[in-house]
Structures are given as structure tokens and as C-alpha cells.
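Peer 1: Provided below are the primary sequence and the corresponding predicted coordinates.
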Amino acid sequence: MFFTPLMLGLILPMQELKAIPSTMERVTVYNGKALVERSFNVHAAEVGLVSFEIFPLPILAENSSVQIRLKSGAAVMQGLEVRQRVGHAMEGTKRDELRLRVDRLNAERRDHAAGKAAIQAGQGYVEAIIQAVAQGEILDETVFTFVQEKSSELDKKLARWEARDRELQAEIEDLRLQLGKVGQETRPFKVVQAMVHFESPGEAIFELSYIVSRAWWKPSYDVRVLPDLTGVSVELVAQVNQRTDEDWEDVTLLLSTAAPQRLNPPELPQRWINLPPEPGSIGTDLALQESELESLGIERNRAPATAGGRFGGRAGGGKAFFAAPEVTVQGFGLTHHFILPVKKTIRSDGELVRLPLRKMPLAVEPERYLVPSVSEKAFLRADVVLTGDAPFLAGPAKIYLGPDYLGEAAFKIMRPGDSTTLDLGIDPNLTLKYELIKDERDDPGFLSSTVHLTRLYRTVIKLSSDAQGPVTILVEDVLPISNDDRVEVSAVQLNPAPLDDEDSMKLREEKGVYRWRIQMSPGASQNIFWGYEVAFDKDLHPVFLEN
């Protein structure tokens, strides 16, 4: 189990604590926070208590979230505390790591020097042959070819050796510069002090975890649509950045869809009905008196309740073809983890890091969308259905149609099986002409008092012969709806007949929307007619409104 400072209130005895280095293993990123997990080893030569400290932890680490869990070994946690310190935060683990890297590079440079000696020996051998030729001791013409080829090969080897030697020297100087800055940088950081009882001599492996703020990730999408709208490729990309005051170097990175927040449900409100105040009693009856509020159990200026919470959770041949590692998705019901297949480094500098996560499989049904009375443009769009095993998260999407960048759209939250519509801009292959072909008023006669207004419209749609195959077109337009029983509106001369499915009929009844879905081949044209008649008494003066 995890051991936290909230579970114990022990004060560690005053004694010299030894510093234990820890290695950052895994980071789970939420939106605004991150759960950091480190591992460390403690060795005991005999049975008994061992006290130690681990540092530096970032100053933004939440004290109440610090936990230590035994992974293996015969040891029992006896207590831990989190303290704040101001000093040289790199004097511990970080400085040891830098020194170890310098030592390794110096060892590599020493080994590298042996390579130069071999090259120089080869050059000496070639020089000896050249001197022998010059003195007439060797007259074979093949020797000239050998000397020329060998000299060129050795010169190239020496150039490569010198380039690598300069790289090693530059790396060593950079690390030494970092080590030199350690003594100059003082800042606040946190230290975990812990006590462990070893039940037998040996080594125990522990896991340290804590929650830190100022870490973020958000999804974005790159959407690429084939020019004929027969396919859509969507890549989910994570944008990660952090300012937690510690770098995440070479860690396993998990991106969680959970949103850390209040976990308690809202309280039920209390509602009452109060009679309006009597005349002359404004000053006393305008509001409930304090005593009345208290009797109802209501407090003024009640602060919202808060609740804490823990975050995180554990994630869990024979052919010449090796597939690239892929991001895996682990579902936990309401939330998901995206687990990156290779270790990543995210610096604490706020710079945005883009991490491709996965291709999102979509089923697509393309169509063109027209609203003739509003625009003479035909708009490309695609109805898409999410068919994979991971959710779509709300986020921006960059849309590409073939090689062209169209602009940005936005995805809503989608679960597998949900659908949405991608708007892809204007289709230049479709043109339309919208016109009013009849506008008549029939005034009442001798025996009637009813006025009849009739308006008839026509839209001519043409598909260019350059279009890549047949297209599906959805046409929608709106006829006015009467808000008064004394004014009657009826549709007339609908040709071809509009759609009459359940959704279309509902739109027609509630909003006056009429829909047509037609198929067109390249070079074809299509006429659509619709109109309406308005009947009202001659003494009324209806006004046509639109918003």
C-alpha cells in the first residue's frame, strides 16, 4: 500500500539523514496537474531503522499527495514528512547524474584516443612505403595505387576522428558549465524525509509519487480528406507543456482524459414562495429576516464545499517485418489513458511539445450542402462516424483537402459509434442560381375579405463536367411559419417532392425547413421549385420577419 504523510503524524528523530537518489520513471499528465512517479533503492546492512531523505522535489508538489510504496524487499515504512528547503537543489541526484555523464564522456574520449593512435600508425606505414619508393627500393607500379588509396582512406578516418573528438569535448564542457552553475542557483524545493524498518538485511525497492501543478496537455487533430471525399484520415496529436520546475527526462508518459475536480455532488437547494410586501413595509419585509433564514437552515455567504481526491492509476516472431511501436489506450470507464510507447523528455520551460498519438478510424459519407436563399455557394461536408476503440476529445482540428490547407474546425467529444459533421469549405464544381419567379397578391372580391399572397422560387443547380464522379447534394431552405392563427401559410408547387422521413418532417413542422437530397453526375443540372401561399384578412397587416 502507499504510505502518505496524512496517514502518520510521526516526527523523525533528529539524526543525520542520508540522501537517496531517485529516478523519475513515469508521469501521468492531466489538464493542469501531473502525477509523477519515481523509484529508489534503500540498502541496509543489518536489521533495524534506516532514515533517509529524497530531494529535490519541485516546490509545486502537493504535500498531501506525497506517497511511498514498497515494491520489493523485507522493509516496512515507519513514517515520512515533507519539508521545504532553500538551497542548491542540484546538490543531490542531479549533480551526481551530471558528474556520471562527464566521467562516461571522459572514458569514451580516452578510448577514442586509441583510435587516433591506430590511424597515425597507418599513416607512418604509408610514409615508410613512400620513402622506400623515393629511394628506389620498391619499383612495383601497383604500390603507387595502394599508397594513393590508403592515404585517402586514412585522411578520411582522421577527419571523422577529429570531428567526433570535438563533439565529445563540447559535450564535456557543456556539462562542466552546468555543474559550475549548481553552486550559484539557490531556490526553494521540497525534501521527503522517511524512516524504514528493515526486517532483514538487504535491499528494498520503493516507489515515490506526488502530484504537481502547472502541467497541461490538450488534444488537437490533423484531418486529411481525399479530394473526392471518399476517405478521411484523422491523426490525434497531443500538445504537452509544463512549468512544474523540474524536467521530465526520459520518462514513460501517460496522457489522461480525467479532469481532476470537485468530486462531491451539489447540495439540494431550498426554494420557497413569499408573498409580495404590504404597502409601507418595504424596509422590513423586503427580505427574510436573519432569524427566518436560520429557521430555514440557510446561511448567508455560504462558501462552496470542497473535496480532495487522489489521481492516477497503474497502466498496466519469426518474420523480418517489425511494426513500429504504437500508443496504447487503456480505458477506465469514464476516463482513458494514452500510453506512449517510447520514453519522452518534456522540459519545464513551457515550450509546447507535439506528440502524435494515433490514427483515428472514421467512416465517412460525403455530400454537398446548399441553402439557396442564403448563399449561392455549395459547401463540402462529410458526415463521419467514429469506429475505433478510443474516444475523440474536444479539440481544434486542422483540415486538409488533398494537398490544400482549408483552415481550422473543432471536434466535439465523441465516443465510438458517435457521429459528427466536418465542414470542408466551398466546392467550386457546383454552381447554383436562385430566383423569385412569382410574387402575386390576390385581393379579396365582393363576397370575400381574404387576401392571398403567393411566392414561388426556383433554384438551378449545375455540376461541372470536371467533377470527379457523381455527388450527393442536400438542399435545405425555409418557408415562413405563422405565429398567429389568423394568418395561414401553406407550401405550394414543391417539385421535386421534398424528403418526408421522420427527421425531415420534424424540421418541417417545427421550423419550416424543407429538404431535398439529389444525386448528380458530372455535367448534369437540376431544377428545384418551391413556394408558399399566405392567406389573411384584409384588415390585417402581417410582417415577414427573419433572424
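Peer 2: Here it is on my side, so go on.

Peer 1: quick one: low-confidence ranges for the chain?
Peer 2: For the chain, residues meeting the criterion pLDDT under 70 lie at 1-17, 88-98, 136-141, 179-185, 228-231, 260-266, 268-324, 547.

Peer 1: in it, which spans are helices?
Peer 2: With helices called from DSSP state H, the chain shows them at 93-134, 142-182, 282-285, 290-295, 502-511.

Peer 1: With only the CA atoms kept, save the last one in PDB.
Peer 2: Taking Å, rounded to 0.1, in the frame of the first residue of the first chain, the C-alpha atoms of helix 502-511 are listed here in PDB:
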ATOM      1  CA  GLU A 502     -39.100  11.300 -39.600                       C
ATOM      2  CA  ASP A 503     -36.300  13.900 -39.100                       C
ATOM      3  CA  SER A 504     -37.200  15.900 -42.100                       C
ATOM      4  CA  MET A 505     -40.900  16.000 -41.100                       C
ATOM      5  CA  LYS A 506     -40.000  17.200 -37.600                       C
ATOM      6  CA  LEU A 507     -37.800  20.000 -39.000                       C
ATOM      7  CA  ARG A 508     -40.700  21.000 -41.400                       C
ATOM      8  CA  GLU A 509     -43.300  21.200 -38.600                       C
ATOM      9  CA  GLU A 510     -41.100  22.900 -36.000                       C
ATOM     10  CA  LYS A 511     -39.000  25.300 -38.200                       C
END
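
Peer 1: Which other helices and strands does it contact?
Peer 2: Packing contacts for helix 502-511, counted by 3 or more CB pairs under 8 Å, 6 or more residues apart in numbering; DSSP states H and E, involve strand 513-520. C-beta coordinates here come from the backbone N, C-alpha and C atoms, glycine included.

Peer 1: Helix 502-511 and the strand it packs on, what's the angle between them?
Peer 2: 140 degrees (axes from the mean of the first three to the mean of the last three CA atoms, to 10 degrees).

Peer 1: What strands line up against strand 513-520, and which way round?
Peer 2: Within its sheet, strand 513-520 is paired with strand 471-478 (antiparallel), according to DSSP bridges.

Peer 1: From residue 70, how far off is the closest residue to residue 71 other than its chain neighbours?
Peer 2: Computed as CB to CB, 6 or more residues apart in numbering, the closest residue to residue 71 that is not its neighbour in sequence is residue 205, at 4.5 Å. To residue 70, residue 205 is 8 Å away according to CB to CB, to the nearest Å.

Peer 1: Who has more neighbours out of the two?
Peer 2: Taking neighbours as other CB atoms under 10 Å, residue 205 and residue 70 compare with residue 70 leading, 18 against 14.

Peer 1: before we move on, the earlier item: how much space is there between the residue nearest to residue 71 and residue 195?
Peer 2: Taking CB to CB, one finds residue 205 at 17 Å from residue 195.

Peer 1: In contact with residue 243: list those residues for me.
Peer 2: Residue 243 makes contact with 214, 215, 348, 349, 350 under the criterion CB atoms under 8 Å, 6 or more residues apart in numbering.

Peer 1: ok, now with 6 Å
Peer 2: By CB atoms under 6 Å, 6 or more residues apart in numbering, the contact set of residue 243 is 214, 348, 350.

Peer 1: hang on, the earlier thing: you'd agree the residue nearest to residue 71 is up against residue 68?
Peer 2: No - if you go by CB atoms under 6 Å, residue 205 and residue 68 don't touch, sitting 11.2 Å apart.

Peer 1: For residue 475, give me its contacts.
Peer 2: Residue 475 sits next to 370, 516 when contact means CB under 6 Å, 6+ apart.

Peer 1: Okay, and the beta partners of it?
Peer 2: Those that pair with residue 475 in a beta bridge, by DSSP bridges, are residue 370, residue 516.

Peer 1: can you check residue 238 too?
Peer 2: In beta-bridge terms (that is, DSSP bridges), residue 238 pairs with residue 219, residue 355.

Peer 1: State the distance from it to residue 355.
Peer 2: From residue 238 to residue 355 the distance is 5 Å (CB to CB).

Peer 1: domains for the chain, by residue range?
Peer 2: Using automatic domain parsing, the domain parsing of the chain gives 2-88+186-213, 94-182, 216-260+325-426, 430-537.

Peer 1: need the ones you listed in TSV with distance to residue 544, can you?
Peer 2: As requested, the domains of the chain are arranged in TSV below (distance: least, CB to CB, whole Å):
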stretch	distance to residue 544
domain 2-88+186-213	48
domain 94-182	74
domain 216-260+325-426	13
domain 430-537	6
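
Peer 1: Residue 546 is nearest to which of those?
Peer 2: For the domains of the chain, the distance to residue 546 is smallest for domain 430-537, at 8.3 Å, taking CB to CB.

Peer 1: does residue 192 really touch residue 54, like I thought?
Peer 2: Yes - between residue 192 and residue 54 there is a contact under CB under 6 Å: 4.6 Å.

Peer 1: wait, which of the domains of the chain is closest to residue 267?
Peer 2: Nearest to residue 267 among these is domain 216-260+325-426; the distance by CB to CB comes to 21.0 Å.

Peer 1: can you give me the end-to-end distance of the closest one?
Peer 2: Using CA to CA, to the nearest Å, one end of domain 216-260+325-426 lies 36 Å from the other.

Peer 1: what's the spacing between that domain and its chain's center?
Peer 2: How far domain 216-260+325-426 lies from its chain's middle: 8 Å, per CA atoms, centre = their mean, to the nearest Å.
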